[in-house]
Structure formats: C-alpha cells, structure tokens
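S.K.: Return atomic coordinates for the entry below.
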Amino acid sequence: MNKITLSVHGLVDFALRTGDIDARVFNLDTMTRGTQIHSYYQAKQNKRYLAEQYLEHTFTYDAFEITLQGRVDGIILNDNEVIIEEIKTTNSDLDTFFMAHEAWHVGQAQCYALMYALKNNREVMDIQLTYISQIDESKMIKRYTFHVDELVIAINSFFATYFSFYNRVEDYILKRNNDLKNLTFPFKNIRPSQKEMMDLVDEGIKSGMKMYFNAPTGSGKTMATLYPSLKRMGERPGTKIFYLTAKGSGKTQAENALRLIGGQAKVKSINLSAKEKMCLNDKIACNPDECPFARNYYGKLKSALLDIYTNYDEYSPNLILDIARKHEICPFEFQLDLSLFTDVIIADYNYVFDPFVYLRRYFDQKQGEYIVLIDEAH
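M.R.: As a prediction, this is how the structure comes out:
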C-alpha cells in the first residue's frame with residue numbers, strides 16, 4: 001500500500017474549509033492574541049484537562065495507508081465521559097464566526113475524537129467547540145455527541161475528498177521517483193569541482209549536516225547542489241527542496257537548471273513572489289468587501305489546484321496569475337497553497353527565516369525531509 005503522513009489540518013482544511021480570505025479576522029495580530037487566549041484558557045482548567053495532546057492513528061483508505069496526526073487543543077476527562085475540545089478565538093461576532101466555520105471546526109474535532117476512540121476502545125465520543133471573543137473574552141460553547149461509526153463515516157468522507165485530488169499527486173510522484181532514480185547529470189562533462197561538490201552535498205544530505213561552499217560565479221554550483229538533492233528526492237518521496245535566494249537572477253538560474261533536468265524527469269517547481277507582485281486587485285485589501293479575489297477563496301481553491309496541477313509543472317508567477325484570474329481567486333494565497341504540492345520551492349530567504357512571513361504550513365509542523373539550499377548564504 002502507498003504510505004503517506006497527513007496532518008489533521010491538512011486533511012480537514014482541504015476537505016471542508018470554505019469562505020473568504022479576510023485579513024481583518026485572520027492575521028498575525030489575531031493569531032498572536034488567539035495563542036495567548038488559548039494558553040490562558042488551558043492554564044485555568046483542572047487536573048482532568050489534558051492540553052495540547054498529540055494524537056496519531058494509521059488508517060487505510062483504498063490503496064493508501066494514512067498516518068493521521070495532530071495536536072488537539074484539549075481533552076476533558078469527566079468520569080466516563082471524554083470530551084474533545086477545539087478552542088477557537090476571533091475578533092468578529094461569535095455567532096457569525098461559528099455559522100461560517102462550523103463544519104470545518106467540527107471536522108477537526110471529529111478526527112481527534114476518532115483517533116482517541118480507536119486508541120482507547122470507546123464507542124461514543126463528545127465534542128466541544130469553545131469560541132472565545134478576542135474583544136471582550138466572552139465565550140460560547142457548542143456540544144456534539146458521535147458514535148464511533150459516525151466518526152468513521154465522517155473521516156472516510158474527508159479522505160474521499162482529499163484523495164479525489166491526491167490520487168493525481170500520487171500517480172505523478174510514482175513516475176517522478178522512477179525518473180529521478182534514473183536521472184543522469186544533464187551535461188556531457190562534469191567539472192572536477194562540481195563532482196567534488198556533488199559528492200559532499202550527497203554526503204551532507206544523508207548525514208543531516210549543514211554545509212557551506214565558497215564558489216565563484218559560473219562554477220556550476222546551482223546544478224551541483226540541485227542535482228544530488230533531486231536524486232535524494234527519488235529515494236525519499238517525502239523530500240521537499242527549498243532553494244532560497246535574494247536575487248531574481250538566482251531564481252532564474254534555479255529555474256533554468258530545473259528545465260535542463262526536465263528533459264529526463266518532470267519536477268514540479270514554484271517561484272514564490274511577494275504579495276505586492278501577486279495582487280490582481282486595484283489595491284492590496286485582503287477582505288471580501290474590497291477584493292473580489294478574496295471572496296469564497298477556499299470554496300474555489302480545489303478546482304484551481306486541480307487545473308494547474310494537471311496541466312503544468314513549472315509554476316511561474318505569470319502562470320499563477322493567469323490561473324488565479326481564471327478561477328477568480330487570490331494569486332498570493334494560491335501560490336502558497338499550491339506550494340504544498342510542489343517538489344522545489346524557489347523563494348526569498350524570508351519565507352524560511354523571517355519570524356513574521358515564514359512558511360508556517362511547513363515549519364510549524366514539519367513533515368518529511370527538507371533540503372534547504374541557500375544561494376549566497378552570506
């Protein structure tokens with residue numbers, strides 16, 4: 001069977017999330033405030049409250065063996081009753097926020113409830129959605145009860161939605177890995193310095209070492225680092241490569257190297273650009289009242305992903321803008337969501353190292369093996 005590891009958020013967000021992009025509700029300030037309220041709320045609970053519990057279970061669905069994992073906000077142990085709690089905070093009206101996101105939030109809790117039930121042989125599980133206002137800290141609670149059979153049906157429906165797209169991803173990965181295993185160096189001759197560098201990069205990747213190279217312009221270091229990294233990807237399917245550079249010329253060199261390799265093996269790559277360059281609106285205003293591309297972004301995302309993933313391998317900023325315009329979605333957010341299904345991410349240093357704009361979807365909950373290639377690391 002094909003084995004994959006999947007986070008609860010990765011599964012449920014893809015299957016159930018709908019609605020708008022709204023920076024007035026979801027932004028760095030509200031995330032920070034939400035984390036503070038989460039921690040304060042959890043700290044006030046009694047000893048029978050288990051906060052931030054890691055849960056994991058391996059499911060089978062069709063030809064897949066899926067290890068589902070994540071951290072549940074809270075588990076309330078109350079005599080014979082076990083309640084899975086998801087805590088949500090917002091600066092908007094609690095009732096409005098709940099009605100807009102109920103299915104999404106319940107779906108997250110259902111995943112945790114099923115994993116807990118299967119581990120502890122329980123037939124019935126309770127779920128509690130706790131909504132807390134970031135404005136006045138008022139609270140609203142919604143309770144649900146599910147039999148384990150109902151939870152199995154729900155989670156299988158999430159898998160069905162996810163794999164309707166991921167089956168295409170899996171077919172691509174199988175072919176990509178086979179091609180990469182047979183990949184040969186794309187130039188007739190290999191310079192001695194390139195060969196030495198490739199051997200060291202290969203050794204460094206396998207041992208997990210950090211390595212630095214001082215090589216002049218024109219020495220072939222882009223290919224010398226990308227080639228062994230891609231060979232590693234063929235051996236380890238969960239590998240993702242981040243190619244970081246501050247210059248446009250550095251991005252172009254990486255893209256050119258990947259095109260040369262593309263003659264032997266199709267590799268999906270994306271060139272991430274700043275929000276200012278990826279905005280189709282007449283002004284940057286990330287909310288549905290001022291930007292049509294923010295409206296129902298999450299409801300339209302799956303069809304846009306299917307379109308671009310099925311028909312293209314190199315995701316340039318211009319292509320992303322064209323596909324985003326076609327599906328009437330935000331190109332900036334689209335490129336970030338699309339990057340989850342790419343092999344090589346070409347980006348500015350900030351996307352890994354800046355504490356405010358780094359790619360949280362990768363580094364807050366790391367999955368698989370990451371290879372980070374930093375051009376001009378000084």
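S.K.: going forward, measure contacts and count neighbours with C-alpha atoms only.
M.R.: Fine.
S.K.: thought R176 was touching M233?
M.R.: No - with contact defined as CA atoms under 8 Å, R176 does not reach M233; the gap is 9.1 Å.
S.K.: And the lowest mean pLDDT element among the helices and strands of this structure?
M.R.: Across the helices and strands of the chain, mean confidence by mean pLDDT, DSSP states H and E is lowest for helix 360-363: a mean of 68.
S.K.: Okay, now the sheet partners of whichever helix or strand comes after that one, with direction.
M.R.: Following helix 360-363 in sequence order, the next helix or strand is strand 369-374 (DSSP states H and E). Its sheet considered, strand 369-374 pairs with strand 239-244 (parallel) by DSSP bridges.
S.K.: Just after the partner strand, pick out the following helix or strand.
M.R.: Towards the C-terminus, the helix or strand next in line after strand 239-244, according to DSSP H and E, is helix 248-261.
S.K.: elements contacting that next one?
M.R.: Packed against helix 248-261, as judged by 3 or more CA pairs under 8 Å, 6 or more residues apart in numbering; DSSP states H and E, are the following elements: helix 221-235, strand 344-347.
S.K.: can you give me how far that helix is from the chain middle?
M.R.: Averaged C-alpha coordinates place helix 248-261 at 24 Å from its chain's average position (CA atoms, centre = their mean, to the nearest Å).
S.K.: Next SSE downstream of it?
M.R.: The element immediately downstream of helix 248-261 (helix or strand, assigned by DSSP H and E) is strand 269-271.
S.K.: buried set for that next one?
M.R.: Buried residues in strand 269-271, defined by neighbour count with 16 or more other CA atoms under 10 Å: S269, I270, N271.
S.K.: any idea how far S229 is from the first one?
M.R.: According to CA to CA, to the nearest Å, S269 stands 14 Å off from S229.
S.K.: do the same with A274
M.R.: Taking CA to CA as the criterion, A274 is separated from S229 by 26 Å.
S.K.: now swap in A160 and tell me
M.R.: To S229, A160 is 33 Å away according to CA to CA.
S.K.: More neighbours: which of these two?
M.R.: Ranked by neighbour count (other CA atoms under 10 Å), A160 and S229 place S229 first, with 23 against 15.
S.K.: give the contact list for the more buried one.
M.R.: Taking CA atoms under 8 Å, 6 or more residues apart in numbering, we find S229 in contact with V201, D202, I205, I241, I371.
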